[in-house]
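> got a sequence here, can you model it:
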Amino acid sequence: MTTCLKLAITKIGDLLLHDKITQDKDGNIIPDIELVIPNYQRPYKWTAKNVIQLLDDIIDAKNENKETYRVGTLILHQDKDKKYNIVDGQQRTITFSLLLNALGADLRFLEQPLADNPHNTRNIPNNFRTLERRVENFSDDREREELLDYIKNNCELIVVITTDISEAFQFFDSQNARGKKLYSHDLLKAYHLREMKELDVAETEKVVKGWEDLDQKELSTLFSDYLYRVKEWTKGNKAWGLTEHNIHKFKGVTRQDNFPFAQFYKGSFAYADMVNHSAMPFVSGMQNFNPFQLDTPIVAGKPFFDYAKHYFEILKDIQNNDKYEGYFINDNDIIKTLDLRKYKNGVGNRITRLLLDTAILLYVDRFCPTERPAKMDLKMLDQFVVFAFVWAYSLRAQYSNLGWLSAQNFIMGNDKTNSFNIYKIITEADSPVSLLSTLSDRVNPLPFDDIKAKKDNVGEDENYLSYFDKYKFLEGRK
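Numbers count the residues shown, from 1 in each chain. Presented below is the predicted three-dimensional model:
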């Protein structure tokens, strides 16, 4: 498909009431605009507060006699059926439609079905009723007609139209970057979309929907707190934060990279992907191949999005201690104690828990099948969790106030008990047995006199230090 990028300006009335865009850059009308909200769009999240603010802004502009009131940018993807999918501007477009409808106009745009989710089913009717009540409070019909006329003819949108879905998403990300700082994972999304030129529109939309369906705050945390840090720590580096200056670590090898190391990783991914999509796992009864490893390069493009979802789900599993959900951490007594509110609050507690969860994530990635782990796999994991807990919480116990500098130094190796880089040890082990053997030598009992954190009621289950005592990792207790 030949890319066609058009810039245009449209009046709200032309777009929503007459299905046309007012003029392109050459001054020509673009007719037959069928606006569609695609299934990969996020839910409609504007609340009554947002819509009233927009209405008040429009009324202020009208009262100030502004001939033109620009209300934002609309990014559209024109698909092969000549429909115009809204990539960016959905919240504002729906709100203008509700406002026009509250003022008595009929719109075809509002007739299309939307995804059945709590945001759509709650916010759309609530916002319409809010606007309807506000409009009913106007002094007379003439005031309502003047407002309707102003919205139709004076409120304008800048419109960007492209026939390339990847280009539409890239433009969306760059547009948002001008107005606010994007999360680093958003920048990575834009980069990897550029590497997906070989995919058709439907597949690209499916990939983007899968990404957007994930909780974006949790996705940001996954990359910045876990995936980035584990990449640095396994190499023996300190890891302070993921920014636009170091996101290249997640760009990976591209289709054009032909160095032997790049061919090796691309070949490994391609083989795993081929086997997993064949009948071989079903016929042979074997597990699907894991096409990812945390300490190896990513393959750019669609594999990056699969990679993100893969580790998003594994981390969620690890952090869920429910007895019957997930594979890896189930009704674990240590984790049950660490999940208490008192161990989730405070900077030091959060840092220590992150170190523990990251170590478990790396272990699972290296040694546990992600589908149907065997009883022996889980038994070895339980043993590792004890060592990882003692390692991480030796750090917590030795500081009354723990910050990131002390934590990084602990990982790199300082004079504190059990200070060593567990992440490098995990990646250098060739089996769970050899890893547990190494940790048996490296993890030492914690001297009771070295404990600087609160050590009251050590013997009680609700004190994490009780597990040091239980597993014989507490020395010299008085």
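
> drop to CA atoms for contacts and neighbour counts, all remaining ones
Fine.

> residues in contact with the residue lying closest to residue 154 once chain neighbours are set aside?
Leaving out its chain neighbours, the residue that sits closest to residue 154 by CA to CA, 6 or more residues apart in numbering is residue 68, at 4.9 Å. By CA atoms under 8 Å, 6 or more residues apart in numbering, residue 68 lies in contact with 154-156.

> redo those residues as a markdown table? Include distance to residue 267, secondary structure and neighbour count.
Shown next, in a markdown table, are these (distance: CA to CA, whole Å; DSSP: H, G, I helix; E, B strand; the rest coil; neighbours: other CA atoms under 10 Å):
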| residue | distance to residue 267 | secondary structure | neighbour count |
| --- | --- | --- | --- |
| 154 | 57 | helix | 24 |
| 155 | 53 | strand | 22 |
| 156 | 50 | strand | 22 |
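
> picking up where we left off before, from residue 153, how far off is the residue nearest to residue 154?
Per CA to CA, to the nearest Å, residue 68 is found 8 Å from residue 153.

> picking up where we left off before, so how far is residue 157 from the residue nearest to residue 154?
10 Å.

> same check on residue 194?
Taking CA to CA, one finds residue 194 at 26 Å from residue 157.

> neighbour-wise, which of these two wins?
residue 157 (23 against 16; other CA atoms under 10 Å).

> quick check: phi and psi on that one?
Recorded main-chain torsions at residue 157 are phi -120, psi 140, according to degrees, to the nearest 10.

> partner residues bridging it?
Per DSSP bridges, the residues bridged to residue 157 are residue 10.

> other SSEs contacting the longest helix along the chain?
The longest helix of the chain (DSSP state H) is helix 375-397. Packing partners of helix 375-397 (3 or more CA pairs under 8 Å, 6 or more residues apart in numbering; DSSP states H and E): helix 347-367, helix 432-442.

> report how many residues lie close to residue 345.
Using other CA under 10 Å, residue 345 is surrounded by 10 other residues.

> any idea how many residues pack against residue 25?
Neighbour tally, residue 25, other CA under 10 Å: 10.

> how is this protein carved up into domains?
5-180, 181-303, 319-478 (automatic domain parsing).

> rewinding a little: pull the CA atoms of the longest helix of the chain into PDB?
In PDB, the C-alpha atoms belonging to helix 375-397 read as follows (Å, rounded to 0.1, in the frame of the first residue of the first chain):
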ATOM      1  CA  LYS A 375       6.100 -30.500  40.500                       C
ATOM      2  CA  MET A 376       9.900 -30.700  40.600                       C
ATOM      3  CA  ASP A 377      10.100 -27.300  38.900                       C
ATOM      4  CA  LEU A 378       7.900 -25.700  41.600                       C
ATOM      5  CA  LYS A 379       9.800 -27.500  44.400                       C
ATOM      6  CA  MET A 380      13.100 -26.100  43.100                       C
ATOM      7  CA  LEU A 381      11.500 -22.600  42.800                       C
ATOM      8  CA  ASP A 382      10.300 -22.800  46.400                       C
ATOM      9  CA  GLN A 383      13.800 -23.500  47.500                       C
ATOM     10  CA  PHE A 384      15.100 -20.600  45.400                       C
ATOM     11  CA  VAL A 385      12.500 -18.200  46.900                       C
ATOM     12  CA  VAL A 386      14.000 -18.900  50.400                       C
ATOM     13  CA  PHE A 387      17.500 -18.000  49.300                       C
ATOM     14  CA  ALA A 388      16.300 -15.000  47.300                       C
ATOM     15  CA  PHE A 389      14.200 -13.800  50.300                       C
ATOM     16  CA  VAL A 390      17.200 -14.100  52.700                       C
ATOM     17  CA  TRP A 391      19.400 -12.300  50.200                       C
ATOM     18  CA  ALA A 392      17.100  -9.400  49.600                       C
ATOM     19  CA  TYR A 393      15.800  -8.900  53.100                       C
ATOM     20  CA  SER A 394      19.300  -9.100  54.600                       C
ATOM     21  CA  LEU A 395      19.600  -5.700  52.900                       C
ATOM     22  CA  ARG A 396      16.400  -4.400  54.500                       C
ATOM     23  CA  ALA A 397      17.400  -5.700  57.900                       C
END
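
> name the residues that touch it?
328, 348-349, 352-353, 355-356, 359-360, 363-364, 367-369, 402, 407, 410, 416-419, 432-433, 436, 439-440, 443, 446, 450-454, 468, 473.

> now the element after that helix, going C-ward?
As assigned by DSSP states H and E, the chain's next helix or strand after helix 375-397 is helix 404-412.

> got the buried residues for that following helix?
406-412 (16 or more other CA atoms under 10 Å).

> what mean pLDDT does stretch 292-311 have?
Stretch 292-311 shows a mean pLDDT of 92 in the predicted model.

> my bad, should have said stretch 239-246
Averaging pLDDT along stretch 239-246 gives 81.

> what's it in contact with?
Everything outside stretch 239-246 that qualifies as a contact, by CA under 8 Å, 6+ apart, is 184, 187, 223-225, 228-229, 232-233, 408.

> which of those sit farthest apart?
187 and 408 (26.4 Å; CA to CA).

> grab the nearest non-local neighbour of residue 288.
Nearest residue to residue 288 in three dimensions, chain neighbours excluded: residue 276, at 5.5 Å (CA to CA, 6+ apart).

> oh, that last question was meant for residue 325, not what I typed.
Spatial nearest neighbour of residue 325, chain neighbours left out: residue 317 (7.8 Å); criterion: CA to CA, 6+ apart.

> hmm, the one you found is touching residue 330, no?
No. Look at residue 317 against residue 330 with CA atoms under 8 Å: they stay out of range, at 9.2 Å.

> now do the longest helix of the chain against helix 432-442, angle only.
Calculated by axes from the mean of the first three to the mean of the last three CA atoms, to 10 degrees, helix 375-397 forms an angle of 30 degrees with helix 432-442.

> after the longest strand anywhere in the chain, which helix or strand is next?
Longest strand in the chain, counting residues (DSSP state E): strand 69-78. For strand 69-78, the following helix or strand on the C-terminal side (DSSP H and E) is strand 84-88.

> any idea how far the nearest residue in space to residue 297 that is not next to it in sequence is from residue 126?
Once flanking residues are discounted, residue 297 sits nearest to residue 252: 5.2 Å by CA to CA, 6+ apart. Taking CA to CA as the measure, residue 252 falls 45 Å from residue 126.

> ok, these two, which is more surrounded?
Ranked by neighbour count (other CA under 10 Å), residue 252 and residue 126 place residue 252 first, with 19 against 14.

> isn't that one right up against residue 299?
Yes. Look at residue 252 against residue 299 with CA under 8 Å: they come within range, at 5.2 Å.

> once you drop chain neighbours, what's closest to residue 365?
Using CA to CA, 6+ apart, the nearest residue to residue 365 is residue 293, at 6.4 Å.

> before we move on, what about residue 47?
Distances taken as CA to CA, 6+ apart place residue 123 nearest to residue 47, at 6.0 Å, with adjacent residues excluded.

> residue 160: what secondary structure?
The assignment at residue 160 comes out as strand when based on DSSP: H, G, I helix; E, B strand; the rest coil.

> next one: it from residue 70, what distance?
Residue 160 is 14 Å from residue 70, by CA to CA.

> for residue 450, same thing?
In terms of CA to CA, residue 450 sits 64 Å off from residue 70.

> one step back: and which of the buried residues of helix 404-412 is nearest to residue 248?
residue 408 (21.8 Å).
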